[in-house]
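K.L.:
I'd like to go over a predicted model; first the sequence, then the structure.
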2 protein chains.
Amino acid sequence: MNTTGYPPGKPLRVALLGCGNVGSQVARILLEDAENLGLRAGAPLELTGIAVRSLDAERDADLPRELFTQDAEELIANADIVIELMGGIEPARSLILGAIGHGASVVSGNKALLAKDGPALYEKADAAGVQLSYEAAVAGAVPILRPIRDSLSGDRIRRVLGIVNGTTNYILDQMDSTGASFGDALKDAQALGYAEADPTADVEGHDAAAKAAILASLSFHTRFALEDVYCEGITSVTADDVAAAKDDGYVIKLLAIAEFWNDDSGDPGVSVRVHPTLLPRTHPLAAVHGAFNAVFIEAENAGELMFYGQGAGGTPTASAVLGDVVSAARRMVLGGPGRTETTTGHVPARGIETVSTSYSIGLDVTDQPGVLAKIAHIFADTGVSIETMRQRIDQTGQDGEPTAELRIVTHRALEASLAATVTQIAALPVINAVTSVLRVEGI
Amino acid sequence: MNTTGYPPGKPLRVALLGCGNVGSQVARILLEDAENLGLRAGAPLELTGIAVRSLDAERDADLPRELFTQDAEELIANADIVIELMGGIEPARSLILGAIGHGASVVSGNKALLAKDGPALYEKADAAGVQLSYEAAVAGAVPILRPIRDSLSGDRIRRVLGIVNGTTNYILDQMDSTGASFGDALKDAQALGYAEADPTADVEGHDAAAKAAILASLSFHTRFALEDVYCEGITSVTADDVAAAKDDGYVIKLLAIAEFWNDDSGDPGVSVRVHPTLLPRTHPLAAVHGAFNAVFIEAENAGELMFYGQGAGGTPTASAVLGDVVSAARRMVLGGPGRTETTTGHVPARGIETVSTSYSIGLDVTDQPGVLAKIAHIFADTGVSIETMRQRIDQTGQDGEPTAELRIVTHRALEASLAATVTQIAALPVINAVTSVLRVEGI
C-alpha cells in the first residue's frame, strides 16, 4: 500500500559528496546493484552526481566520468537524498545544512562532524522533517546505531563497551599474539594498510572518542560532545603490560565506554571514556581479533548483547551507508516522518575522577620484609580494596639487591581514590617503580 | 516536529494477550517503567488490559488484578497496539487478524504462527496500513530481525547461520565441556529449567526450524514456510561424536541455516535447514556458550557480522517485545506507514538433496590392508573429494579382530552425492559400522 501517493517508478535522486575509500564503493554499488536497491527502496535510486575536489584524482572503482562535478551546491539542490562522505568539519557541515534546507534526507559517515556538531544538525533535520542517519560513523559495517535507537528503545541501556577502532585493535591483538612492542606492531599495521602514515587519530584514541560520544548520545538520549569524553590512547602500552595481563588471564583492548551512573547521591550521570582496558580473556570482547570491531551492551532487561563485524574498509562501510540510504528512501516512498528520535533527556556527563573503575597496578619493589604490609596499609587508608595481588618474578636489581614484581588488581573504587593510592605507593622508598597502571572492565 | 497532529500527551492504548513467562514481564515493565517508555514512544503507553484464559492462575510478576480479563475481543477492539504473547496457532491468529481489522498495530513473539501463516498476516497488515512486528520471535533479546530488514537493506545477504535455540545449545555445550551424554545433559538442562519436561520441540529442531523460516524470509525477501525447512534435531548426537569433533578442532552446534544459492544452472534458490553442524572452534559461533543465542550473517558487502545475546527468558524477551511496541508507537505519534517491507521476490526453496555441504563421517573399520583404498575408491566414484582423513584409535573388535576408527571430513559436495557415498561405504564388508555422519560449516 502506498500511503503517500509517491508516483510509482519515479526515481529518487541520490547525490554523493566525496569519492574516497568508502564513497567510491557506494557509487559502484549504487550503479552495479541498482535493480536490487530499487526493489528494496520501493523506487529506483538514481545516482545524479558525485561532488569531488579534483576531477582527475584516481578512484578505487571504475566510475563514469560524467558523474563527477566540483559543484556540490548545485548537486544537493536537486537531490532527494544526499550522502556525505567527505569527512572533516567544513565544507561537510555547510553542505549538510544546505541539503537539509532543500528538504533532502542526509546520510553521513562523518564521525568527527557528528561528535562535534551533531546536536545542531539533528535539530535542523527534525525541524525540516527530514532524516539524518549515520550508521557508518560507528563500527563501519556493524549495525549498531539503529539497534540502539530502535530495537532497544523499550529497554534501558546501562553500559556500552565498544572496540570501535580497528587500527588499535589490530596493534593490540598483534602485541598479544606475538609479543611485539607497540612500535613494531604499529609498523606492521602501517605496512598492511591498517594504520595511516600519521597514526595519531587512531593510536591516541581520538577516533574512538568521537564514536564514544555518538554511542553515548544514542544510548542515553542525551547529547554528549567530544569534550565530554575522557581519552587515553595506547601509545604507552608496553609489551610487558600485555605479557603481564596475559599471564593473569586478561587481554588489553582499547575500549570506548559509555556508562550510566546512579550513585548514592541520587544524581544520575554518564561516564564517557576511551582508554586501554584489561578484559578477562573469557569476556566476549576478548575474542575480537585483528581489525574487527564489536560493541557490547548491557541493558536492564535484555542483559548482555554483542554486535560484531568489520569496522572499516570501503565495501563494508558502504553497506552501512546504503542501509541508511534505502531506509531513508523507503520512508519517502512509503511516507513517514523524518524524525526518528523522540524526547531527549539531560543526564550530565561525569568527570573521570568521579567514576568507579578497577585498576591493575604493576610495581617493581625491593624484596624486603614488610613491603607488602606497607603497600596494603596505603590501600586500606585510601579505601581501595584489593581483588588479587600476585608476586610475579624475583629478579636482581641494578645494585645487586633482590627485587620483585607485584601485580595488584583492585576492586572498583573511585578514580580519584585510585589515583591517590598510586601516588602514595609511588612515594614509598621500597618502590623502585610503578611499571603500569591500567583500568580493568568485565570482572 | 509532529507531522501527524497526534494530540500531545494522549496515551496509546496497549492490550496484552497472554501472561506467561514473557507476557508477565512485559506487563510489569509497562507499569514500572512507564515514564521512560512514554518518553521513548513520544506518548504515554497505557496498558489497558491483559487477556488470559484463567483469571486465577499464578503469575511471575505482581500485577493489578483489575487488568486481567477473559474477553480478548473487547480488549483488542479498544487498543492502538496489541501485543500477542499467547503462542500457538489459535486463537492467536484470529485475534491478530481482529486487531489488524480494528486498525491496531500488532507486536507478536509467536514464531510458530509466523512461520506457518506469516505471509497471510503480513498481507493483511500491509493492506490495513498497520505494523506487524515480531523481533522477539527469533533469538529472544537479540536485535536481529530489524538489523536484517533495515540496516542490511542496501546489501545482499548470502548466508545466515544461527544458534537460535538456547536449550539445544546448552545441551551441546554441556556435552562439549563435560563429556556428558545427550541424555544426561538433557536431564541437567531440565533440572535448571533450560529444557521443558517434554523437550521435543527443542531437541528435534522444530523450534529452530520455525525461526529459520522467519530468518530466511527476511534475509531473502521471499516468504518461506515451515515446510521449506529441512530439519534434523540433536537426539542422535553422541558423546563420542562430540569427543571426536573436539579432537579434530571442531564443536557441534545446532544451526539454523539460510543460504542463497546461485549455481551454474543460473537458477537461484535458497536452502533453509536445521541440523547438528560441526564448526571449527575458531569460528565466532563456536564461542557461544550455555543458553545464549547468536546469529552470524555473511553479506556481499558488509562481510561477516554476528549478533549475540540472550535467546530466551521472560525479561530479556520482554526487551525485544517492548522495542517493537515503542517503535510502533513512535510511528503512530510521529506519523508514518504501517508497512515496512517493500517488494518481496520469489526465490525458490531448494531441497536438501540439491545443496552442497561438507560431511564429517565416522567409520568403524576392520584393520586390514586395502581398506583405505576401497573407501577412497568410492569417494572418487561418487565425485566427493576428501579434505582430511584421520585414523583415530586402534581397538580390538568383539571377535578379536583388530579394528580402527576413521574420521573423514569431505570438501563441499552435493548432499545427494554425499548420501550415495555413505550408502556405498556402509555396504563394504570391511566396514563394521558408520558411527556418525554430521555436516560441517565454517571451513
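P.N.:
Nice, thanks for sending it over. Quick caveat, the model's predicted, so the values are computed rather than measured.
K.L.:
Provide the partner residues of the closest residue to residue A:352 other than its chain neighbours in its beta bridges.
P.N.:
The shortest distance from residue A:352 to any residue that is not its chain neighbour, by CB to CB, 6 or more residues apart in numbering or on different chains, is 4.0 Å, and that residue is residue A:230. Glycine gets a C-beta too; all of them are placed from N, C-alpha and C. Taking DSSP bridges, one obtains residue A:273 as the residues bridged to residue A:230.
K.L.:
Residue A:230 contacts residue A:258, correct?
P.N.:
No: under the criterion of CB atoms under 8 Å, residue A:230 is not in contact with residue A:258, lying 11.2 Å apart.
K.L.:
of these two, who's got more company?
P.N.:
With neighbours defined as other CB atoms under 10 Å in any protein chain shown, residue A:230 and residue A:258 compare such that residue A:258 has more, 29 against 20.
K.L.:
that's a helix at the more buried one, yeah?
P.N.:
No: according to DSSP: H, G, I helix; E, B strand; the rest coil, residue A:258 belongs to no helix; its state is strand.
K.L.:
surely it meets residue A:269?
P.N.:
No: between residue A:258 and residue A:269 no contact is recorded; they are 11.4 Å apart, counting by CB under 8 Å.
K.L.:
now check stretch A:183-200, is it near chain B?
P.N.:
No: interface with chain B: stretch A:183-200 contributes nothing (CB under 8 Å from any CB of the partner chain), its closest point being 15.3 Å away.
K.L.:
could you say which helix or strand contains the residue of the stretch 201-350 of chain A found nearest chain B?
P.N.:
Closest approach between the stretch 201-350 of chain A and chain B, counting by CB to the nearest CB: residue A:322, at 2.6 Å. Secondary-structure element containing residue A:322, defined by DSSP states H and E: helix A:314-334.
K.L.:
quick one: contacts for whatever residue of the stretch 151-300 of chain A ends up closest to chain B?
P.N.:
Taking CB to the nearest CB as the measure, the stretch 151-300 of chain A has residue A:154 as its residue closest to chain B, at 2.5 Å. Contact criterion CB atoms under 8 Å, 6 or more residues apart in numbering or on different chains gives A:301, B:29, B:37, B:40, B:319, B:321-326 as the residues in contact with residue A:154.
K.L.:
Helices of chain A, start to end?
P.N.:
When secondary structure is read from DSSP state H, chain A shows helices at A:21-32, A:34-41, A:72-77, A:92-101, A:111-128, A:145-146, A:166-178, A:182-191, A:200-203, A:206-220, A:239-247, A:314-334, A:371-382, A:415-426.
K.L.:
Mean neighbour count and mean pLDDT for the ones you listed - can I get that in TSV?
P.N.:
Shown next, in TSV, are the helices of chain A (neighbours: other CB atoms under 10 Å in any protein chain shown; pLDDT from 0 to 100):
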stretch	mean neighbour count	mean pLDDT
helix A:21-32	23	97
helix A:34-41	20	92
helix A:72-77	19	96
helix A:92-101	20	97
helix A:111-128	19	88
helix A:145-146	23	93
helix A:166-178	24	97
helix A:182-191	18	96
helix A:200-203	19	96
helix A:206-220	26	94
helix A:239-247	19	92
helix A:314-334	27	93
helix A:371-382	16	90
helix A:415-426	18	92
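K.L.:
what's the closest of those helices to residue A:60?
P.N.:
Nearest of those to residue A:60, taken as CB to CB: helix A:21-32 at 4.2 Å.
K.L.:
So what's the residue count around the residue of the stretch 1-150 of chain A found nearest chain B?
P.N.:
Sorted by distance to chain B under CB to the nearest CB, the residues of the stretch 1-150 of chain A start with residue A:143, at 3.3 Å. Other residues lying near residue A:143 total 28 when counted by other CB under 10 Å.
K.L.:
is any part of stretch A:30-43 close to chain B?
P.N.:
Yes: judged by CB under 8 Å from any CB, stretch A:30-43 comes into contact with chain B through A:33, A:36-37, A:39-42.
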